[in-house]
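# A structural model of the following input is requested.
(2 chains)
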Amino acid sequence: MRFLAWLRVHWIWLRTALAVCSIGLIVTPTLIARIDGVFYSPQMAPWAVSYVRVGEAIGGAIAVWSILTGLIVALTGYAITEAQSAVYTLSLPIDRRTSLLHRAGSGLLWLFVPALGVFVGAHVALLGVVLPDHIEAYPFALTLRAFLLMSYTFAITFALRYAAGRRAPQVFLLALFLFGAIGFFSATPTDAGAAVQRALAWLVEPAGPLGIVTSRWTLIDV
Amino acid sequence: MSHAIQIDALRYDVSPHFAIRDLAMRVPTGAVYGFLGPNGSGKTTLIRLLLGMLPPRDGTIRVLGHDIPSASSAALARIGYVPERSALYAGLSVEETLRFHRSFYSNWDDTSAQTMLRRFALRGEQKVSALSKGETGKLLMLLALAHRPELLVLDEPTDGLDPVVRRDVLAALVEYVEGARATVLISSHLVHEQERVCDWIGVMDGGRLIAELPMESFRAGIKRLDVSGAPPVHAAAPFTILAREPQEIGARERWVVRDWQRSHASWFAEIGATVHAVIDCDLEEGFVELLRSARAEVAR
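Residues are numbered from 1 along each chain as shown, chains lettered A, B, ... in the order given. Here you go, the predicted model:
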C-alpha cells in the first residue's frame, strides 16, 4: 500500500523526465541510422561490417542516454523528497530504511518506461531493413542492457546522494577534483601514473565495475 | 499523572555556538501545552528531536510511551504534526497529497478529511506549490488531524496567517481536541494566542527550558509589585525575584516576582520595605520577565 503510494508520487514527479528520456531513446537509433544511410541504402556500403558500425553507433548513443536517464531519475526523485531538510518525509510514520527502500525501489521501477523506449526505438530503426547474411539485430539484448545500465547509474547516484547528505555540493567538488587528478596522473610517465592507468584498466575491463559502460554496445552483430 | 511527552537530560549540539543541554520536560496527557520562546531559542530543534527527526547526543525521550528515536515510526503513527514551514511535496495536487498521506495511517478518517477540505475551501485539484500561505496552513492542519492523532505537535501553526485563516485553523484544532481529548504541544511566539488555548506553559530560551508550570500557576504566581524602602541587600525571599528596577518617577521600585502568595507581603515589613500595589502580570509580561531573569542569571 505504502509502496504503491510512493510509486504513484514518483510517477507524478518523474513523468516529464521519463517522457523526455524515452522520446530520446526512441528517436536516437532512427536518427543515427538515417544520417548514416546504410540501413536504407545498402548500395552505399554493401559490406556487412558497415551494418555493424551503425549498430555500434546506435549502441553507444543508447549507453549515453541510459546513463543520463539513471542520473536524472535518481536526482529528480531524491531532490523532491529531501526538500526543506526532508521534514515531511521524516515526519511520516515509517522507519528510515523502509522509506529509503520504497523511494529507491519506486524510482527504479519506473526505469522500465525508458527501457521500453529503447526497445521501440531499436525496432523503429530496423523497420524495413534487410540485414545481410550472418548479421543479426539484438533489440531485446540492447534493451535489457540499457535497463541494467540505467538501474546501475540510478543505484550509484541514489546511494552517493544519500551518503553525501547535506554535503552533496562538497562531495560533487571532491569528485570533480578526483577525476581531474586521475586524468593528470594517468597522463604522467611516472610510477604513480602507471598505477593509475592499471587501476583505470581494471575499472573499465569487461568484468570490472564500469565494464557495463565501457564494453562493446551494439544493436547489430554477427 | 501520566505524560504524553517525557524528556530527561537531553543534550543536542545544534552548532558550535548553540546547544540544548540537560533539558527535562513533561507534557501531561490531555494537556494543551504552550511552548513559548523567542525565535532561535531551540523550540523547533526540540520538536524535531521529540519526533525522532534528529538523533539526541544524550538523554531520553519518550513520546506516548515510545522511546525516541528508536521507536519513532510507531510514535509518529499516533502524532499529528504541523511543521513551522510547509515541506509538502511539490508537484502534487491537494487530492494527491491527501491520497499519499492517507496510505501511511491506518486510522485515517476519510469523512473527516473531506469535511475539513470543504470547510477550509480547499480544492482537490489545486497544486500544493500554488497554494497561498493560508491555504497551506489549512492543508497542514487537515493532514495533522485527519488520522485522529492522540498527540498534536504544532510548530508555529498560525505564524504568518491572516486573522480569518488563523481563526479557522484554531477552531478546527479546538473542535478536534475537545472531541478526541488529545494532547497538544503548540509552539509559538504569539503569547496572547497561547494564553487563550493553553493549560500548561513551557518557556524555552537559549536551548534551556527556563519554566514549566500550569497556566493557572503562571497567571496567579507572577506579579508586579510597587515597592518602596527595600534595602539593596536583603534576606532570602520566600518567592523568586525575576526583576527589580527603579521606577521612572519617585523612589519606588518595580519588582517582578514568581510564586507570589498574599502572605508574602509580611516579608517586606521584615526587611523594612512597603508594598504599595500588587498587580497581576498577563502572560506576555510574565514571559518577558522570565526571559529577562533567565538571561541575567546566565550573564552572572
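# Residue 19 in helix, strand or coil?
Using chain A here. helix (DSSP: H, G, I helix; E, B strand; the rest coil).
# Please refer instead to chain B.
Taking three-state DSSP, the label given to B:Ala19 is strand.
# Helix, strand, or coil at the residue lying closest to it once chain neighbours are set aside?
Nearest residue to B:Ala19, sequence neighbours excluded (Cβ to Cβ, 6 or more residues apart in numbering or on different chains): B:Asp13, at 4.7 Å. C-beta: built from backbone N, CA, C; applies to glycine. The local conformation at B:Asp13, judged by three-state DSSP, is strand.
# tally of neighbours for B:Asp13?
13 (other Cβ atoms under 10 Å in any protein chain shown).
# now do B:Asp22
14.
# C-alpha coordinates for the helix or strand hosting it, CSV please?
Using DSSP states H and E, B:Asp22 falls within strand B:18-28. Output of strand B:18-28 as CSV, limited to C-alpha atoms (Å, rounded to 0.1, in the frame of the first residue of the first chain):
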residue,chain,number,x,y,z
PHE,B,18,24.3,26.7,20.4
ALA,B,19,23.2,23.5,22.1
ILE,B,20,20.4,22.0,24.1
ARG,B,21,21.8,21.0,27.5
ASP,B,22,20.3,18.8,30.2
LEU,B,23,16.8,19.6,29.2
ALA,B,24,13.9,18.0,31.1
MET,B,25,10.3,18.4,30.0
ARG,B,26,6.9,16.8,31.0
VAL,B,27,3.8,17.3,28.9
PRO,B,28,0.8,15.8,30.8
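# That one packs against which elements?
strand B:3-15, helix B:43-50, strand B:183-188, strand B:200-205, strand B:208-214 (3 or more Cβ pairs under 8 Å, 6 or more residues apart in numbering or on different chains; DSSP states H and E).
# quick one: which of those is nearest A:Val64?
Closest to A:Val64 of the helices and strands packed on strand B:18-28, according to Cβ to Cβ: helix B:43-50, at 41.9 Å.
# Report the angle between the strand holding B:Asp22 and strand B:3-15.
180 degrees (axes from the mean of the first three to the mean of the last three Cα atoms, to 10 degrees).
# Could you identify the helix or strand that succeeds strand B:18-28?
Next along from strand B:18-28, by DSSP H and E: strand B:32-36.
# Show me what that following strand is packed against.
With 3+ Cβ pairs under 8 Å, 6+ apart as the test, strand B:32-36 has helix B:43-50, strand B:183-188, helix B:191-197, strand B:200-205 packed against it.
# ok, the second one: who's next to it in the sheet?
Think strand B:183-188. Within its sheet, strand B:183-188 is paired with strand B:32-36 (parallel), strand B:151-155 (parallel), according to DSSP bridges.
# residues from the stretch 1-150 of chain B in reach of chain A?
Residues of the stretch 1-150 of chain B found near chain A (Cβ under 8 Å from any Cβ of the partner chain) are B:48, B:51-53, B:72-77, B:81, B:83, B:85-92, B:96, B:99-101, B:103-105.
# 7 Å instead?
B:51, B:53, B:73, B:76-77, B:81, B:83, B:85, B:87-92, B:96, B:100, B:103-105 (Cβ under 7 Å from any Cβ of the partner chain).
# buried subset of these?
Among those, those scoring as buried are B:51, B:53, B:73, B:76-77, B:81, B:83, B:87-89, B:91-92, B:96, B:100, B:103-105 (criterion: 16 or more other Cβ atoms under 10 Å in any protein chain shown).
# Confirm B:Ala265 sits in a helix?
Yes - B:Ala265 forms part of a helix when assessed by three-state DSSP.
# what sits up against the one helix or strand in chain A whose mean pLDDT sits lowest?
In chain A, no helix or strand scores lower on mean pLDDT, DSSP states H and E than helix A:211-214, which sits at a mean of 80. The contact list for helix A:211-214 (Cβ atoms under 7 Å, 6 or more residues apart in numbering or on different chains) reads A:Ala63, A:Ile67, A:Leu148, A:Leu149, A:Tyr152, A:Val204, A:Glu205.
# Mind doing that once more with 8 Å?
A:Ala63, A:Ile67, A:Arg145, A:Leu148, A:Leu149, A:Tyr152, A:Val204, A:Glu205, A:Gly208 (Cβ atoms under 8 Å, 6 or more residues apart in numbering or on different chains).
# which element follows that helix toward the C-terminus?
As assigned by DSSP H and E, the chain's next helix or strand after helix A:211-214 is strand A:220-221.
# Please identify the residues of chain A in proximity to chain B?
So chain A meets chain B at A:1-2, A:4-5, A:8-9, A:12-13, A:80-81, A:83-95 (Cβ under 8 Å from any Cβ).
# can you give me the helices in chain A?
With DSSP state H as the criterion, chain A has helices at A:2-36, A:48-81, A:87-91, A:96-109, A:112-126, A:139-164, A:168-187, A:191-204, A:211-214.
# what does the stretch 51-200 of chain B give?
B:72-76, B:94-102, B:110-119, B:133-145, B:163-180, B:191-197 (DSSP state H, counting those that start in this stretch).
# Show me what the shortest one packs onto, helices and strands only.
What that stands for is helix B:72-76. Helix B:72-76 packs on strand B:66-68, going by 3+ Cβ pairs under 8 Å, 6+ apart.
# who does the spatially most central residue of chain B bridge with?
Compute the mean C-alpha point of chain B, and by Cα atoms, centre = their mean the closest residue is B:Phe35, 1.3 Å away. Per DSSP bridges, the residues bridged to B:Phe35 are B:Ser187, B:Gly202.
# Thought B:His189 was touching it, still the case?
No - using Cβ atoms under 8 Å, B:Phe35 makes no contact with B:His189, being 9.9 Å away.
# how close does the residue nearest to B:Ala230 when sequence neighbours are not counted sit to B:Glu248?
Leaving aside its sequence neighbours, B:Ala230 sits nearest to B:Ala273 (Cβ to Cβ, 6+ apart; 3.8 Å). As defined by Cβ to Cβ, to the nearest Å, B:Ala273 lies at a distance of 19 Å from B:Glu248.
# ok, the two, which is more surrounded?
B:Ala273 (17 against 7).
# who are the neighbours in contact with that one?
B:Val227, B:Ser228, B:Gly229, B:Ala230, B:Pro231, B:His234.
# Quickly list what B:Glu212 is bridged to.
Applying DSSP bridges to B:Glu212 gives these bridge partners: B:Gly202.
# quick one on the thing from earlier: ranking by neighbours, what's the top pick from the contacts of B:Ala273?
B:Val227 (20 neighbours).
# shaky segments in the stretch 201-300 of chain B?
B:249-250, B:299-300 (pLDDT under 70).
# what about the strands in it?
Secondary structure of the stretch 201-300 of chain B (DSSP state E, counting those that start in this stretch): strands at B:208-214, B:223-228, B:240-246, B:253-258, B:274-280.
# Kindly present these as CSV, with separate columns for distance to B:Asp199.
Compiled in CSV, those are given as follows (distance: least, Cβ to Cβ, whole Å):
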stretch, distance to B:Asp199
strand B:208-214, 6
strand B:223-228, 20
strand B:240-246, 22
strand B:253-258, 18
strand B:274-280, 18
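# Return the most buried member of the helices and strands packed on strand B:18-28.
Comparing these by mean neighbour count (mean count of other Cβ atoms under 10 Å in any protein chain shown), strand B:183-188 ranks first with a mean of 25.
# then that one to PDB, C-alphas only?
This file holds the C-alpha atoms of strand B:183-188, laid out as PDB (Å, rounded to 0.1, in the frame of the first residue of the first chain):
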ATOM      1  CA  THR B 183      -2.700  16.200  24.000                       C
ATOM      2  CA  VAL B 184      -1.400  19.200  22.200                       C
ATOM      3  CA  LEU B 185       2.100  20.700  22.200                       C
ATOM      4  CA  ILE B 186       1.800  24.100  20.500                       C
ATOM      5  CA  SER B 187       4.900  26.100  19.900                       C
ATOM      6  CA  SER B 188       4.600  29.800  19.200                       C
END
